[in-house]
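A.B. asks: what shape does this take:
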Amino acid sequence: MGGAVERHVVLIAPDVHWNTGNIGRTCIGVDAFLHLIKPIGFSLESREVKRAGLDYWHQVKLSVWEDFNHFISGVGPEKEEIALFSKNGRRSFREMPSLKRLFLVFGSETQGIPQKILDQHQNATYYIPISKAIRCLNLSTSVGVVLFESLRGMEPPHGWLNEKG
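C.D. replies: Numbers count the residues shown, from 1 in each chain. Model prediction:
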């Protein structure tokens, strides 16, 4: 599978600033793009976002969109390049497509992905298996699990491999 791998993390109406900061930092770690769909439940200038992203926040490849339709028309993902993650998804996240370009879509911490969007992409919904002992995983944990799984077999180079310390 030659050529560059391109990953996009899409957060619909994120509510919790530290999750978004952590997700931004993770995106930098694998050279992924971060897309935020309004409404956003906090200021991107808040110190909590920057604290969670540490001094890396300015490196996030960030786009903010008015709504999901503007995102779709602005970026133009192919239907098969979109993967939505919900605890009620149809298939395990391990079955997501292995494509060079992939858009990993997550809902807000409190509301999840709006039903209208799930209905439009019902054949592209995935879940991360968890026990019934919890309602869900933390959003930043879910993004990390899915993002790294999406890179299986085409992992980016490890920047620290040849470092001497």
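
A.B. asks: give the next helix or strand downstream of the helix or strand of the chain with the lowest mean pLDDT.
C.D. replies: Of all helical and strand segments in the chain, the minimum by mean pLDDT, DSSP states H and E falls on helix 47-52, at a mean of 68. Heading C-terminal from helix 47-52, the first helix or strand you meet, by DSSP states H and E, is strand 61-65.

A.B. asks: only alpha carbons, please: show that next one as CSV.
C.D. replies: C-alpha atoms of strand 61-65 as CSV (Å, rounded to 0.1, in the frame of the first residue of the first chain):
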residue,chain,number,x,y,z
LYS,A,61,-3.7,20.6,11.9
LEU,A,62,-7.1,22.0,13.0
SER,A,63,-10.2,22.9,11.0
VAL,A,64,-13.4,24.2,12.5
TRP,A,65,-16.7,23.7,10.6
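
A.B. asks: same question for that strand, mean pLDDT?
C.D. replies: Average pLDDT, strand 61-65: 97.

A.B. asks: go on, stretch 74-84?
C.D. replies: pLDDT averaged over stretch 74-84 gives 97.

A.B. asks: what about that stretch, how long is it end to end?
C.D. replies: End-to-end span of stretch 74-84 (C-alpha to C-alpha, to the nearest Å): 18 Å.

A.B. asks: repeat that for stretch 128-147.
C.D. replies: Terminal residues of stretch 128-147 are spaced 12 Å apart (C-alpha to C-alpha).

A.B. asks: for that stretch, list every residue counted as buried.
C.D. replies: Going by neighbour count (16 or more other C-beta atoms under 10 Å), the buried part of stretch 128-147 is 128, 139-140, 142-144, 146-147. (C-beta placed from N, C-alpha, C; glycine too.)
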